[in-house]
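>>> Here is the input, now give the coordinates:
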Amino acid sequence: MQEYFYPRPLHEQACREEVSPHLRRWRVKTSLVYPTEIRTSNSPVLDNLALHETSASANYATKIVSLPVSPHTLLVSGFFSLNGSDISPNAGMKDQVAALRWVKQNIAKFGGNPNKVTIFGESAGAASVQYHLLSEMSKVLDFWAFTKSTSASFELGEYLGLKTSNPQEMADYLRSLPADSIMMGALSQFKMGNPDSIRQSSLTFVPSIEYDVPGEDKFLTDHPFNLLREGKVNYVPHIIGLNLWEGKMFAGDPDEDYWVDLDDDIEKLVPPELGLEKESPESLEVAAKIRRFFFEDFPFNDDAALALIDIVGDLTINVGVYEIAKLLTLSPEPVYFYHFVYDGGFYFMEPMIKMMPMADVEGPTHTDDIGYIFYQPDETEGSPEDLKVRENIINLWSSFAETGVPETGTEVKWTPISASSFPYLSIDTELNMEENFEKEKMQFWNEIGYHSVDNRML
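Prediction:
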């Protein structure tokens, strides 16, 4: 087995820096500085659109990968939007564009090849990658891709003390408030424990279609599905994937009262996006279909926890990721899909998951594959199987960054998906190619009209 160098901080230094030209404010930031022994202007670049702030250059045995990690803002600080005001929407995405431009212009000085830039992200970072595929602002950056609202703004302002229908008045008022007050107000709008839906969370501030702001370029000009349908996409080689139990993190706390409430009102199973009137025959029929498909004849109790995790994972992440992957097959470039199923010791979210009600459910949840890429301060030595899975993942990711084709290092060849077939790589202790990812489930959601690609692409 090869030995790998995992980035660890050499030292920390505090510095002052402007967060972005869009936010127009300063803050103190801790920069983590990482050492590297090899400088070359020909190493591929993995630009990480993650949820933390650091930068690194990693030496993976015979492979050199420069790894700049781009800090970016989320929620209200990144996606505040007020049509009719002078606030530029999608500041979080424009921050990332600025960071990518910097990488393109400067990465050679840090040993990277500006002509081999791959952007990747996890969770919100993965969504960011998808948005960059749809933006003219990102088009000239020449990268490869890797994944894993106005009404809300007025609601936030009212929560913080001003009720008005004038967008500029609201913008000026919010500018007068401390940043921490705005952030705490925004967090209060993060919907948790929705009593009317099985899905436990929803985001209130997300990327939005942009209105005109003098002197500002637009990042997003139309609905993503319209841009995909019209082929207005930055088509590049692409990896996209999911973890086994994505819903474990989002399934909430299904205690006895929860199951009783669900049994009394099975319409909580109906996705609100379907727009069905509660207690209508259509809504009741869909609820019954979902119950039969996922729960079969099992009663609503703790024995049905896996079915609950399955549904929440589908509604929160799985169906959307699957359909984006299908839509990307319109691309002339290859699209590779993976499913991370390995149950090991390097879980990224393990400390948080241990405190959650679903801790006993074995298998990786949302973001856990990241633990096999980055060193963690409290990381254990890892079993031989853990180290093997880590080696496989790093080989796949670094070879993709170098050539645009992920190499398994075995006789297994990772085949891209197409409009007519959906092969995917199952990442466990061994790497295996499988066919037709969750075929029955994806067909089921399509048949009841939830996020139907066919309907949206008409």
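
>>> Can you name the residues in contact with stretch 338-348?
Contacts with stretch 338-348, where a contact means CB atoms under 8 Å, 6 or more residues apart in numbering, come from 239-244, 353, 362-365, 367-372, 374, 376, 379-380, 382-383, 385-386, 389-390, 414, 424-429, 434, 437. From N, CA and C alone the C-beta is placed, and that goes for glycine too.

>>> Pull out the buried residues from those.
Those of the contacts of stretch 338-348 that meet the buried threshold are 239-244, 353, 363-365, 367-372, 374, 382, 386, 389-390, 414, 424-428, 437, by 16 or more other CB atoms under 10 Å.

>>> Tell me, how many residues neighbour residue 280?
Neighbours of residue 280 under the rule other CB atoms under 10 Å: 12.

>>> let me redo that: residue 217
If we define neighbours as other CB under 10 Å, then residue 217 has 12 of them.

>>> cool, residue 360 as well?
Counted with other CB under 10 Å, residue 360 comes out at 8.

>>> Quick check: it is in a helix.
No: under DSSP: H, G, I helix; E, B strand; the rest coil, residue 360 falls outside any helix and is assigned coil.

>>> Now name the helix or strand holding the nearest residue to residue 337 once chain neighbours are set aside.
Of all residues beyond its chain neighbours, the one nearest residue 337 is residue 424 (4.1 Å), with distances taken as CB to CB, 6 or more residues apart in numbering. Assessed by DSSP states H and E, residue 424 sits inside strand 423-427.

>>> what about the protein, any weak spots by pLDDT?
Applying pLDDT under 70 to the chain flags residues 1-86, 88, 121-126, 135-154, 187-206, 211, 252-253, 348-359, 375-380, 452-458.

>>> Kindly recompute the last result at 50.
1-41, 43-45, 47-64, 140-143, 146, 148-150, 192-195, 200-201, 452-458 (pLDDT under 50).

>>> How is it divided into domains?
1-80+87-148+202-236, 244-458 (automatic domain parsing).

>>> ok, back up a step: the residue nearest to residue 337 and residue 433 touch, don't they?
Yes: counting by CB atoms under 8 Å, residue 424 touches residue 433, with 7.3 Å between them.

>>> From the contact counts, what lies against the longest strand seen in the chain?
With secondary structure taken from DSSP state E, the chain has its longest strand at strand 112-121. Packing contacts for strand 112-121, counted by 3 or more CB pairs under 8 Å, 6 or more residues apart in numbering; DSSP states H and E, involve strand 43-48, strand 63-68, helix 91-106, helix 124-132, strand 143-147, helix 384-403.

>>> if I look at the residue nearest to residue 329 when sequence neighbours are not counted, how far off is residue 331?
The shortest distance from residue 329 to any non-neighbouring residue, by CB to CB, 6+ apart, is to residue 419 (4.7 Å). Look at residue 419 and residue 331: by CB to CB, to the nearest Å, they are 10 Å apart.

>>> More neighbours: these two, which one.
Taking neighbours as other CB under 10 Å, residue 419 and residue 331 compare with residue 331 leading, 19 against 9.

>>> Leaving out chain neighbours, which residue sits closest to the more buried one?
That would be residue 235: by CB to CB, 6+ apart, it lies 4.0 Å from residue 331.

>>> Could you pull up the residues touching that neighbour?
Contacts of residue 235 (CB under 8 Å, 6+ apart): 133, 331, 332, 333.

>>> The nearest residue to the first one once chain neighbours are set aside: neighbour count?
In space, and not counting its chain neighbours, residue 133 is closest to residue 234: 4.9 Å by CB to CB, 6+ apart. A total of 18 residues lie near residue 234 under the criterion other CB under 10 Å.

>>> And residue 448, by the same measure?
For residue 448, using other CB under 10 Å, the count is 17.

>>> contacting residues for it?
Contacts of residue 448 (CB under 8 Å, 6+ apart): 274, 286, 289, 290.

>>> Now these in JSON lines, please, with extra columns for distance to residue 181 and secondary structure.
Formatted as JSON lines, these follow (distance: CB to CB, whole Å; DSSP: H, G, I helix; E, B strand; the rest coil):
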{"residue": "274", "distance to residue 181": "37", "secondary structure": "helix"}
{"residue": "286", "distance to residue 181": "41", "secondary structure": "helix"}
{"residue": "289", "distance to residue 181": "45", "secondary structure": "helix"}
{"residue": "290", "distance to residue 181": "41", "secondary structure": "helix"}
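
>>> Over to the closest residue to residue 389 other than its chain neighbours: give its phi and psi.
Spatial nearest neighbour of residue 389, chain neighbours left out: residue 342 (5.1 Å); criterion: CB to CB, 6+ apart. Per-residue torsions, residue 342: phi -70, psi 130 (degrees, to the nearest 10).

>>> Count the residues that sit near residue 342.
Close neighbours of residue 342, defined as other CB under 10 Å, add up to 26.

>>> Offset the numbering so it begins at 14, please.
In the new numbering, first residue 14, that becomes residue 355.

>>> From residue 421, how far off is it?
Distance, residue 355 to residue 421, using CB to CB: 15 Å.

>>> would you say residue 227 is within a strand?
No: under three-state DSSP, residue 227 sits outside any strand and is assigned coil.

>>> ok, how many other residues are close to it?
By other CB under 10 Å, 6 other residues sit near residue 227.

>>> do you know how far it is from residue 269?
Residue 227 is 57 Å from residue 269, by CB to CB.

>>> What segments of this protein are strands?
24-31, 39-46, 56-61, 68-73, 76-81, 125-134, 156-160, 204-205, 214-215, 251-256, 348-353, 436-440, 444-448.

>>> if we can go back for a sec, mind checking which of the contacts of residue 248 are buried?
The buried subset of the contacts of residue 248 (16+ other CB under 10 Å) comprises 146, 344.

>>> is the spatially closest residue to residue 349 that is not a sequence neighbour in a bridge, and if so with what?
Once flanking residues are discounted, residue 349 sits nearest to residue 252: 4.7 Å by CB to CB, 6+ apart. Beta bridges link residue 252 to residue 159, residue 349, judged by DSSP bridges.

>>> How much space separates residue 252 from residue 459?
In terms of CB to CB, residue 252 sits 24 Å off from residue 459.
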